[in-house]
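Asks: Can you look at this prediction? I've put the sequence above it.
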Amino acid sequence: MIAYEANFDGLVGPTHNYAGLSYGNVASTSNERLVSNPKLAARQGLAKMKALHDLGFKQGVLAPHERPDVAALRRVGFSGSDAEVLRQAGEQAPALLAACSSASAMWTANAATVSPSADTADRRVHFTAANLNNKFHRSIEHPTTSRILAAMFADERHFAHHQALPAQMHFGDEGAANHTRFCRDYGEAGVEFFVFGQAAFDPRYPRPTRFPARQTLEASQAVARLHGLDPAGVVFAQQAPETIDQGVFHNDVIAVGNREVLFHHQRAFLDQERVLAELGDKLARLGGRFQAIEVPEAEVTVEEAVRSYLFNSQLLSRADGRMIIVVPEECKANERVWRYLQRLSQSGGPIDQVLVFDLKQSMQNGGGPACLRLRVALNDAELAAVNPRVLMSDELFATLNDWVDRHYRDRLSAADLADPLLVEECRVALDELTRILGLGSVYPFQL
Ligand SMILES: NCCC[C@H](NC(=O)CCC(=O)O)C(=O)O
């Protein structure tokens, strides 16, 4: 059976803003209070989706969330009408209002971890929504994420959904940003690679000292169990703690994999040689030939990788078997990174084409091309079972751009978040969006 890697990109929500919410994510904290442009942000994201669709890749859309999350504000004691809740929160706890207004669900690499049916015991595609427990503004995403995923992948014969792990630091789970899969072909059994930042129950593992390690070993192991993965096809590895302290808050800021290829930095993993050897052995047992492309510190430093998001790229397999690397414009702005990419694409290796996108609105919050997409490997029958309304097409692209133009502001600052009109605008927009994407009722205001 033919199989594909489909990418489901987050459609940027109408409240996209810069609130400095993610300690440990350098872009987020350094761009706090910048005035955002939600309309441009959404258009930049849509342009990437359309370009990849036009190149023949399977591309889908994941809907944004209802924000400001008035229910979350009520839960922490604000009361009265919605307008009253927003006014009080804006006056008494502006940081809380900002957290409850973030459009962070746009980074769908953190929505869930997905295991394709070729790897799972019951031969269904398994999804575990990520609890995103490390940051309050992200910890409120998973209930809506779960409803949206269930509306997109509804057929229980093909799709299994697990609720997010216990909402506690021991099970901190950031989803697919710390998960990569290696395989010969998308439809064949593969090796699932889980990268964690700390072991919560075992003090023998080292930890970063400055910034938080968001993903735990225990969370990764729980997801592997829930998905029914064969241990022979699973590798757990620890991210080098000192890189977390340099701003590598997810593994997808320092490594990206596709099929038999891992593109990574010299300092990505603890015990790197052993990790690469285990990946090679396990893939070889499945008939694959693992190939690691390691970028030395001498050519691109960790700091340059964090600033340019070289590794927050997408590796996409063309029909001829070679790969395209999709990078943000920030890679072009860094001379050494850009030179490295030229050499890489001319080296005769598996990656021979570079595609550059302007994703500046998302990048300023630390979200690059890879953060914006959730990968779901699907065979023909499974793809046919996906809600067809969420799959990119010329019509959907036009419809969504028009929808963005009618509903989004082109300027949003911290002060605007308390504006009672904003929440109304968002609800009107999202109500229309659920009809466009055929999602049914998924938002708190619709339930
Ligand atoms: N995978 C990329 C995730 C980026 C995301 N940034 C944010 O939430 C920043 C939001 C703000 O600061 O306004 C995060 O750190 O989880």
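Replies: Arrived safely.

Asks: Look up how far the ligand lies from the closest residue to Gln246 other than its chain neighbours.
Replies: Nearest non-adjacent residue to Gln246, counting by Cβ to Cβ, 6 or more residues apart in numbering: Val302, 4.9 Å away. Where you see a C-beta, it was placed from the backbone N, CA and C, and this is true even at glycine. When distance is defined by Cβ to the nearest ligand atom, to the nearest Å, Val302 is 17 Å away from the ligand.

Asks: isn't Val302 right next to Ala255, touching?
Replies: No - the criterion here is Cβ atoms under 8 Å, and Val302 misses it with Ala255 at 11.8 Å.

Asks: what sits in contact with each of the two?
Replies: His265 (Cβ atoms under 8 Å, 6 or more residues apart in numbering).

Asks: Give me the distance between the two termini of stretch 199-219.
Replies: End-to-end span of stretch 199-219 (Cα to Cα, to the nearest Å): 9 Å.

Asks: just the strands in the stretch 101-250 of the chain please.
Replies: In the stretch 101-250 of the chain, the strands defined using DSSP state E, counting those that start in this stretch lie at 112-115, 125-129, 159-162, 179-182, 191-196, 234-238.

Asks: Quick check: which of the ones you listed is nearest to Val327?
Replies: Of all the strands of the stretch 101-250 of the chain, strand 179-182 sits nearest to Val327, with 17.2 Å by Cβ to Cβ.

Asks: Who has more neighbours out of Val302 and Ala255?
Replies: Taking neighbours as other Cβ atoms under 10 Å, Val302 and Ala255 compare with Ala255 leading, 27 against 21.

Asks: okay, the more buried one: pLDDT?
Replies: Here the pLDDT value assigned to Ala255 is 98.

Asks: do the same with the one 4 residues further on
Replies: Turning to Arg259, the model gives it a pLDDT of 98.

Asks: Quick check: most distant residue from the centroid of this protein.
Replies: Farthest-out residue of the chain from its mean C-alpha position, per Cα atoms, centre = their mean: Gly80, at 35.1 Å.

Asks: Format the strands of the stretch 101-250 of the chain as CSV; extra columns: distance to Ile2 and mean neighbour count.
Replies: Formatted as CSV, the strands of the stretch 101-250 of the chain follow (distance: least, Cβ to Cβ, whole Å; neighbours: other Cβ atoms under 10 Å):
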stretch, distance to Ile2, mean neighbour count
strand 112-115, 19, 27
strand 125-129, 15, 26
strand 159-162, 19, 19
strand 179-182, 17, 24
strand 191-196, 21, 26
strand 234-238, 25, 20
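
Asks: I'd like those laid out as TSV, including distance to the ligand and mean pLDDT.
Replies: Shown next, in TSV, are these (distance: least, Cβ to the nearest ligand atom, whole Å; pLDDT from 0 to 100):
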stretch	distance to the ligand	mean pLDDT
strand 112-115	13	99
strand 125-129	15	99
strand 159-162	21	99
strand 179-182	12	98
strand 191-196	14	99
strand 234-238	19	98
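
Asks: now these in JSON lines, with distance to Ala41?
Replies: JSON lines is the format used below for the strands of the stretch 101-250 of the chain (distance: least, Cβ to Cβ, whole Å):
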{"stretch": "strand 112-115", "distance to Ala41": "22"}
{"stretch": "strand 125-129", "distance to Ala41": "23"}
{"stretch": "strand 159-162", "distance to Ala41": "28"}
{"stretch": "strand 179-182", "distance to Ala41": "25"}
{"stretch": "strand 191-196", "distance to Ala41": "28"}
{"stretch": "strand 234-238", "distance to Ala41": "33"}
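
Asks: Val337 is nearest to which of those?
Replies: With respect to Val337, and counting by Cβ to Cβ, the nearest of the strands of the stretch 101-250 of the chain is strand 179-182 at 21.0 Å.

Asks: for that closest one, the distance to its chain's centre please.
Replies: What separates the centre of strand 179-182 from the centre of its chain is 13 Å, taken as Cα atoms, centre = their mean, to the nearest Å.

Asks: Quickly find the element holding Gln353.
Replies: strand 351-357 (DSSP states H and E).
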